[in-house]
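Asks: Need a 3D model of the following:
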Amino acid sequence: MRFVFRHFTAILIVAAVAGWAVFYLPYTPTWAVLRMKQAIDARDGDEAAKYVDFESVVKHAGREMVQQQGGADPLSAMLGNAAIDLLAKPMAQVTQAWAVKKVDDGAHEVQMPGVAVAGSLVLMHRNGDTAYTDFKDNKGQEWEIHLARSDDGYWRVSEVKNIAQLLQKLQRQQNLGTPPPSP
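Replies: You can find the predicted model right below:
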């Protein structure tokens, strides 16, 4: 009992930190990013996919590309957005399957560098049920990643800005890795 009275402040601090770690931390966007990195490092594609809302990412990416391509033409934008709404679910399933396979295979292009993760966590901005982070990786790629809290209370990546730049990089890597077609 004497020990408790002597170290009351330290015990109170440890209890507060433990309570924070158990009851608050698992429901933050920071936790979601850390768990996703752990799943990717462990080559567990199904677990990593739990932290991404693929349908939302595909919809946002499609709308961003339609906006860039369509410019001020409202008819093109309307048709493009209608096509996105129609094809988002099947494209999200294809994208999810591709991502799970790449993570399971340990592909370099889906790895999350520790420094980038740490930087993104430091720069995480939260506003209610949404959060975003923006940073530049060591290859000069600028990232703006949005997360949203889903109905089950967990955070998932919901949007990746400037995804056209990322898709072009992935396509170049794919083209470099495949042999040219024979005549």
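
Asks: Could you tell me how far residue 57 is located from residue 34?
Replies: 19 Å (C-beta to C-beta, to the nearest Å). C-beta here means a position set from N, CA and C on the backbone, and glycine is covered the same way.

Asks: neighbour count winner among the two?
Replies: residue 57 (24 against 17; other C-beta atoms under 10 Å).

Asks: List the residues that contact that one.
Replies: 92, 95, 157, 158, 159, 160, 163 (C-beta atoms under 8 Å, 6 or more residues apart in numbering).

Asks: I'd like to know how many residues surround the nearest residue to residue 156 once chain neighbours are set aside.
Replies: Nearest residue to residue 156, sequence neighbours excluded (C-beta to C-beta, 6 or more residues apart in numbering): residue 53, at 4.3 Å. If you count neighbours by other C-beta under 10 Å, residue 53 ends up with 21.

Asks: What does residue 161 show for phi and psi?
Replies: Note on residue 161: backbone dihedrals following degrees, to the nearest 10 are phi -70, psi 160.

Asks: Return the distance of the helix or strand hosting residue 99 from the chain's centre.
Replies: Assigned by DSSP states H and E, residue 99 falls within helix 74-105. For helix 74-105, the separation from the chain centroid amounts to 16 Å (computed by C-alpha atoms, centre = their mean, to the nearest Å).

Asks: need the strands for the protein, in chain order.
Replies: Using DSSP state E, the strands assigned to the chain run over residues 125-127, 130-136, 142-149, 155-160.

Asks: With adjacent residues omitted, what lies nearest to the residue most central in space within the chain?
Replies: Nearest to the mean C-alpha position of the chain, by C-alpha atoms, centre = their mean, lies residue 157 at 3.9 Å. Using C-beta to C-beta, 6+ apart and skipping residues adjacent in sequence, the residue nearest residue 157 is residue 52, 4.6 Å away.

Asks: show me the contacts for the one you found.
Replies: 36, 96, 99, 156, 157.

Asks: same question, residue 27
Replies: Per C-beta under 8 Å, 6+ apart, neighbours of residue 27: 153, 154, 155.
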